[in-house]
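**Student:** need a structure here:
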Amino acid sequence: MSSETFIVAYEGEKGDTPTLDYAIERAKKDGANLLVVHILEWSPYSFLTPEEIEERHGRRKQEMARAKEVVLDPALAKVEAAGLQGAAELRYGNVVDKIVEIANEKKASMIFVGRAGSQSIAARVFGSVPIGLAQVAPVPTVIVP
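**Tutor:** Below is the predicted model of the structure:
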């Protein structure tokens with residue numbers, strides 16, 4: 001088996017299923033391992049009091065536990081049911097930055113990301129995750145419709 005690693009930037013929304021399915025299909029063809037990555041968007045606020053910071057850290061732990069159980073565990077089960085080597089990674093921070101960081105750390109050879117995403121004004125003004133990854137990722141990024 002190849003030591004190639006493909007990253008799947010996975011939100012766990014219903015619209016993400018084609019992204020995971022396509023990545024599984026490609027990984028099977030290429031003999032690659034899949035790393036399912038879920039990023040919880042979080043920006044630190046320097047003006048918070050120590051109590052507020054402590055409360056945020058508590059919520060952060062709960063969010064991470066829930067994301068592992070609801071998003072990553074089912075995705076990883078699907079990868080393994082397809083007969084592939086899989087792993088999952090959960091981080092907090094800017095989605096594009098963290099995916100690029102993981103791609104570099106794991107020496108990934110490809111990133112898969114869904115085209116669907118936020119259609120909010122912020123996303124249109126500042127750019128979406130797929131566009132951000134296409135611009136800065138260190139490896140080819142496949143945007144799955």
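
**Student:** where along this structure do the helices fall?
**Tutor:** Using DSSP state H, the helices of the chain run over 17-30, 50-67, 73-81, 95-106, 121-126, 129-136.

**Student:** using TSV, lay out these together with mean neighbour count, mean pLDDT and distance to Ile143.
**Tutor:** Yep, even glycine has a C-beta here, placed from its N, CA and C like the rest. TSV is the format used below for these (neighbours: other C-beta atoms under 10 Å; pLDDT from 0 to 100; distance: least, C-beta to C-beta, whole Å):
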stretch	mean neighbour count	mean pLDDT	distance to Ile143
helix 17-30	18	95	9
helix 50-67	12	86	23
helix 73-81	16	96	18
helix 95-106	18	95	13
helix 121-126	10	51	14
helix 129-136	18	88	5
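
**Student:** between the ones you listed, which one is nearest to Val36?
**Tutor:** Val36 sits nearest to helix 73-81 of all these, at 4.6 Å, using C-beta to C-beta.

**Student:** what packs against the closest one?
**Tutor:** Judged by 3 or more C-beta pairs under 8 Å, 6 or more residues apart in numbering; DSSP states H and E, helix 73-81 is in contact with helix 17-30, strand 33-40, strand 86-92.

**Student:** could you double-check that Thr141 sits in contact with Val129?
**Tutor:** No. Using C-beta atoms under 8 Å, Thr141 is not in contact with Val129, being 10.1 Å away.

**Student:** now do the shared contacts for those two.
**Tutor:** Contact criterion C-beta atoms under 8 Å, 6 or more residues apart in numbering; residues shared by Thr141 and Val129: Val113.
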